[in-house]
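Participant: Quick one, what's the 3D model for this:
(one chain, ligands or ions: 1)
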Amino acid sequence: MSLTSLVAGFALLLAAPAAHAADPPLRDLGTAKGKVIGTAVTGSKLTGTYGDIAGAQFSSLTPGNAMKWGSVEPAQGSFNWTEADQIVAFAQAHNQQVRGHTLVWHSQNPSWLTNGSWTSAQLGTLLQNHINTEVGRYQGKIAAWDVVNEPFNEDGTYRSTLWYNGLGADYIANALTWARAADPAAKLYINDYNVEGVNAKSTALYNLVKSLKDRGVPIDGVGLQAHLILGQVPSTLQQNIQRFADLGVDVAITELDIRMTLPSDSTKLAQQKADYKAVTAACVAVARCVNLTVWGFTDSDSWVESTFPGQGAATPYDANYAPKPAYYGIAEALGGTSTPPPTGACTASYSVGSQWNTGFTGNVTISCSGASLSSWKVTWTYGAGQQITQAWNATCTQSGAAVSCANASYNGTVPDGGSVSFGFNASWSGSNPVPTVTLG
Ligand code: 9MR
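Facilitator: From the prediction side, this is the model:
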């Protein structure tokens, strides 16, 4: 007897509407307020639901990694533009801006560069050539470049990096000047984290921008990354945005995410909605805050969980592409009112466990996040003559192809953050396709 084991699943969302169908999408709400709404993306994922949402909801894309030096020139003189080109092409096809990220950083540089031993003159030439090559390649296609990323320490002193140590503080002015020469139309930014509120670091950034402007160095904007912690939106965010605007530069929220201790629950998700709404409202309140970009729009494409163990759920969509309350926090701050925030969702997923020549064992799991159930019923229609012979932990009936399984007396409750499973044996012949299950 041959025994095959298949695991296939299909989940159907209950209660949460598909946000990519929400009306109007974030990008349109943003346009009405004079704001460009963006997301960081991974090029290889820009198909299917991920691509649909990225294209429909956002008017700006930032490559999460694809334009970093280590990505585009892994070996000296050997370039790989594949993912960066793909993202730019997707953006053009969807009438979106691209934020180029990033030209001069201490991190994600190729090892040939960081391990090399360069004179100051050589280092300057390498940097100038890098900027010429990358900015030149995308000339006319990039709305804004994060020219310099993360130049400051928390106390407002310059970070000790390859660039600062090798070239002195004027690496920043030079990089901006070279970028301007390579694409006169692109807006040029300095981007950093923990500069959202008024503090020593943001004041150092402020003083730098002021002195660059005084010297006639091209600087068009500052990027406030905004990697925030639940409940900790700085109270001085709007004031800080305003003081940069008053200096005569644009401001962008470039990498917004708001992380929480896992697991998420409805209380945390409600706080996260309030936080997203507050950040968006601060940008809406200042005319020169031109772009608000989230650092990944789904919890399945976020850097947070791998970097902060036990933390996550930081983006506006859950890992199954259902919009979270945070999504509606952004929408509401942009004037959207049409869709009430969902309180959460319960899903049912069907999988085939063991399968043999005449029969198989199936499993259905009902999971809730931000919602709960006190009873449940799962239905599906078999497409290839399968017939349930026995079920456990549920009462199942089958009439023709239609199956209906309701909770047993002891397992109707599915708590927020919890799940319940039931199993069954069934017969099959010919083929055994996985049905679409409905929870209701
Ligand atoms: O999202 C990026 C992640 O995939 C990379 O592993 C990480 C490496 O440092 O960089 C992430 O993006 C960073 C961005 O380029 C600059 N600001 C902080 C971001 C999060 O680390």
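Participant: Contact partners for the closest residue to the ligand within the chain?
Facilitator: Of all residues in the chain, residue 303 sits closest to the ligand, at 3.9 Å by Cβ to the nearest ligand atom. For every residue, glycine as well, the C-beta is placed using N, CA and C. Residues near residue 303 by Cβ atoms under 8 Å, 6 or more residues apart in numbering: 64, 295-296.
Participant: Rounded mean pLDDT for the helix or strand where residue 329 lies, please.
Facilitator: Residue 329 belongs to helix 325-333 when elements are defined using DSSP states H and E. Here helix 325-333 scores 95 as its mean pLDDT.
Participant: How far away from the center of its chain is the helix or strand following that helix?
Facilitator: Once helix 325-333 ends, the next helix or strand along the chain (criterion: DSSP H and E) is strand 345-355. Centre-to-centre, strand 345-355 and its host chain are 27 Å apart (Cα atoms, centre = their mean, to the nearest Å).
Participant: Tell me the strands beside whatever helix or strand comes next after strand 345-355, with direction?
Facilitator: Next along the chain after strand 345-355, taking DSSP H and E as the criterion, comes strand 359-369. Sheet pairing of strand 359-369 (DSSP bridges) gives strand 345-355 (antiparallel), strand 419-427 (antiparallel).
Participant: Tell me the residues on this protein that lie near the ligand, please.
Facilitator: Selection of the chain residues close to the ligand by Cβ under 6 Å from any ligand atom yields 64-65, 107-108, 149, 193, 225, 255, 303.
Participant: 5 Å instead, please
Facilitator: Applying Cβ under 5 Å from any ligand atom, we find that the chain lies next to the ligand at 64, 303.
Participant: Can you list the low-confidence ranges for the chain?
Facilitator: 1-23, 338-344 (pLDDT under 70).
Participant: quick one, helices of it?
Facilitator: 26-32, 48-57, 69-72, 82-93, 111-114, 120-137, 162-167, 171-182, 200-215, 237-247, 266-284, 304-307, 325-333 (DSSP state H).
Participant: can you give me how far the second one is from the chain middle?
Facilitator: Relative to the mean C-alpha coordinate of its chain, helix 48-57 is positioned 12 Å out (Cα atoms, centre = their mean).
Participant: So which elements touch that helix?
Facilitator: Other helices and strands packing on helix 48-57, by 3 or more Cβ pairs under 8 Å, 6 or more residues apart in numbering; DSSP states H and E, are helix 26-32, strand 36-41, helix 82-93.
Participant: Not counting its own residues, what contacts the second one?
Facilitator: Outside strand 36-41, the residues that touch it by Cβ under 8 Å, 6+ apart are 26-27, 29-30, 54, 57-64, 87, 90, 96-97, 99, 101, 143, 255, 290-297, 301, 330, 334.
Participant: Could you list the paired strands of that strand along with their orientation?
Facilitator: Strands that pair with strand 36-41, judged by DSSP bridges, come out as strand 60-63 (parallel), strand 289-294 (parallel).
Participant: Quick one: work out the angle between the last one and helix 266-284.
Facilitator: Using axes from the mean of the first three to the mean of the last three Cα atoms, to 10 degrees, one finds that strand 289-294 and helix 266-284 are set 160 degrees apart in direction.
Participant: Skipping adjacent residues, who's closest to the spatially most central residue of the chain in space?
Facilitator: Nearest to the mean C-alpha position of the chain, by Cα atoms, centre = their mean, lies residue 296 at 1.0 Å. Distances taken as Cβ to Cβ, 6 or more residues apart in numbering place residue 302 nearest to residue 296, at 4.4 Å, with adjacent residues excluded.
Participant: The one you found against residue 294, yeah?
Facilitator: No - using Cβ atoms under 8 Å, residue 302 and residue 294 do not qualify as a contacting pair, with a distance of 9.4 Å.
Participant: which neighbours do those two share?
Facilitator: 257, 315.
Participant: Looking at these two, which is more packed in?
Facilitator: Between residue 302 and residue 294, counted using other Cβ atoms under 10 Å, residue 294 has the larger neighbour count: 31 against 23.
Participant: which ones are touching that one?
Facilitator: 38-40, 255-257, 315-316.
Participant: got it, and residue 433?
Facilitator: Neighbour list for residue 433: 383-384 [criterion: Cβ under 8 Å, 6+ apart].
Participant: Check residue 423 too.
Facilitator: Taking Cβ under 8 Å, 6+ apart as the definition, contacts of residue 423 comprise 353, 361-364, 391-393.
Participant: switch to 7 Å and redo it
Facilitator: 361-363, 392-393 (Cβ atoms under 7 Å, 6 or more residues apart in numbering).
Participant: ditto for residue 276
Facilitator: Taking Cβ under 7 Å, 6+ apart, we find residue 276 in contact with 258, 316, 326, 329-330.
Participant: Share the number of residues neighbouring residue 37, please.
Facilitator: Residue 37 has 27 nearby residues by other Cβ under 10 Å.
Participant: The residue nearest to it when sequence neighbours are not counted: neighbour count?
Facilitator: For residue 37, ignoring the flanking residues on the chain, the nearest one in space by Cβ to Cβ, 6+ apart is residue 30 at 3.8 Å. Look at residue 30: counted by other Cβ under 10 Å, it has 28 neighbours.
Participant: Could you double-check that residue 30 sits in contact with residue 336?
Facilitator: No - counting by Cβ atoms under 7 Å, residue 30 does not reach residue 336; the two are 9.9 Å apart.
Participant: quick one: residue 361 from residue 127, how far?
Facilitator: 61 Å (Cβ to Cβ, to the nearest Å).
Participant: should've said residue 189
Facilitator: Separation of residue 189 from residue 127 (Cβ to Cβ): 17 Å.
Participant: Next: residue 370.
Facilitator: 47 Å.
Participant: For the nearest residue to residue 333 once chain neighbours are set aside, give me its contacts.
Facilitator: With Cβ to Cβ, 6+ apart as the criterion, residue 333 has its nearest non-adjacent residue at 3.6 Å, and that residue is residue 280. Residue 280 makes contacts with 292, 329-330, 333-334, as judged by Cβ under 7 Å, 6+ apart.
Participant: count of neighbours near residue 204?
Facilitator: Neighbour tally, residue 204, other Cβ under 10 Å: 20.
Participant: So the residue lying closest to it once chain neighbours are set aside versus residue 207, what's the distance?
Facilitator: Excluding the flanking residues, the one nearest residue 204 by Cβ to Cβ, 6+ apart is residue 156, at 3.3 Å. According to Cβ to Cβ, residue 156 and residue 207 sit 8 Å apart.
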